[in-house]
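J.: kindly generate the corresponding structure for this input.
(one chain, ligands or ions: 1)
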Amino acid sequence: MSTLSLDTPLLVIGAGIMGAGIAQVAAQAGHPVWLYDLREGAAAQALDKLAGGLQALEAKGKLAAGQAQAIAARIRVAGTLEDAAGAGLVVEAIVENVGAKRSLFAQLEGLLSPDAILATNTSSISITAIAQGLKRPRQVVGMHFFNPVPLMKLVEVVSGLETAPAVAEAIHALASAWGKTAVHARSTPGFIVNRIARPYYAETWALLQEQAATPAAIDAALRGAGFRMGPCELMDLIGHDTNLAVTESVYQANYGDKRFQPSLLQRELVDGGLLGRKSGRGFYDHA
Ligand code: NAD
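T.: Residues are numbered from 1 along each chain as shown. The predicted model follows:
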């Protein structure tokens with residue numbers, strides 16, 4: 001039986017853009033949280049930054065006095081996955097690669113209780129494929145947050161072929177209890193939002209490749225048309241490495257459908273280390 005409550009211990013794996021945000025939101029909801037990253041020091045660094053962000057919110061009056069400290073204190077760095085063996089829910093936010101995600105979950109199956117739910121924040125990879133070969137594929141589910149996690153309301157709850165309905169329901173209920181807007185989706189390439197958003201990015205890359213407009217002009221146009229952000233600044237926020245991996249995954253999963261084709265310019269940015277905000281430069285300078 002899959003039950004989750006606001007005191008279920010949570011393990012967030014991957015302390016990058018998304019994992020740090022997920023840890024913060026879970027701790028704000030009351031969970032004890034472990035944060036783990038393969039790269040030494042990354043989780044501690046993310047926790048420091050997150051604590052600083054919470055203090056800034058408190059200083060602005062957006063959190064009650066003492067709340068920033070209380071929320072940050074609920075998050076602990078896990079030095080190893082074994083440290084977090086008591087977790088009832090895992091949310092992984094590691095690299096967008098099916099093999100990496102599957103082997104991580106296989107390892108966790110040997111460490112955690114059989115009831116533990118293994119949720120993935122994948123943007124595009126089949127939940128069925130991630131669960132393939134695992135002992136308990138019914139416990140695997142997509143819990144897809146949007147960037148920045150503390151601000152964006154949406155969570156796509158994605159079921160693979162084997163996901164137990166009770167597991168998807170438990171994640172939907174939990175996301176709602178965190179104040180998010182949860183929607184159910186079946187596992188198809190890109191789920192709902194990325195299915196619709198990929199061709200939007202593809203047209204942006206086509207305009208850039210044709211030198212029809214600069215990134216700033218494209219962003220100004222889309223903002224002027226009512227979008228909160230333009231596509232170039234949004235891709236800088238997502239991170240071009242992650243965004244390329246998602247594009248490639250959706251393209252391959254659709255048997256090379258041209259609507260989802262990655263761009264050579266996109267590859268060029270990644271090869272040059274121009275990953276967006278995370279590296280200090282992408283379309284724009286973020287230093
Ligand atoms: P990121 O590059 O900012 O962070 C990934 C982190 O995972 C890094 O700190 C890395 O050291 C760590 N990591 C990699 N392999 C690991 C492993 N095997 N074990 C533990 N840690 C590992 O990436 P991100 O943007 O946070 O994306 C993470 C996931 O979230 C991806 O699946 C991505 O598709 C998805 N996602 C990203 C966004 C976005 O806007 N960036 C939005 C929604 C979903």
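J.: check which residues of stretch 151-166 are buried.
T.: Going by neighbour count (16 or more other C-beta atoms under 10 Å), the buried part of stretch 151-166 is Val155, Glu156, Val157, Val158, Ser159, Gly160, Glu162, Thr163, Ala164. Every residue, glycine included, has its C-beta placed from N, CA and C.
J.: just those now: which is nearest the ligand?
T.: Glu156 (9.4 Å; C-beta to the nearest ligand atom).
J.: need the contact list for that closest one.
T.: Neighbour list for Glu156: Gly142, His144, Ala182, Val183, Ala185, Phe191, Ile192, Val193 [criterion: C-beta atoms under 8 Å, 6 or more residues apart in numbering].
J.: can you pick the most crowded of those?
T.: Counting neighbours by other C-beta atoms under 10 Å, Gly142 leads the contacts of Glu156 with 27 neighbours.
J.: is that residue part of a helix or strand, or is it coil?
T.: Following DSSP: H, G, I helix; E, B strand; the rest coil, Gly142 is assigned to strand.
J.: ditto for Lys101
T.: The three-state label given to Lys101 by three-state DSSP is helix.
J.: which positions in the stretch 51-200 of the chain make contact with the ligand?
T.: When proximity is defined as C-beta under 6 Å from any ligand atom, the stretch 51-200 of the chain approaches the ligand at Ala93, Ile94, Val95, Glu96, Ala100, Leu104, Asn121, Thr122, Ser123, Phe145, Phe146, Asn147.
J.: what helix or strand is the last one on?
T.: So that's Asn147. In the assignment (DSSP states H and E), Asn147 maps to no helix and no strand.
J.: burial of it, as a residue count?
T.: 15.
J.: which among the residues of the stretch 51-200 of the chain next to the ligand count as buried?
T.: Buried members of these, scored by 16+ other C-beta under 10 Å, are Ala93, Ile94, Glu96, Leu104, Asn121, Thr122, Ser123, Phe145, Phe146.
J.: next up, the contacts around the second one.
T.: In this structure, Ile94 makes contact with Ile13, Gly14, Gly19, Leu38, Ala100, Lys101, Leu104, judged by C-beta under 8 Å, 6+ apart.
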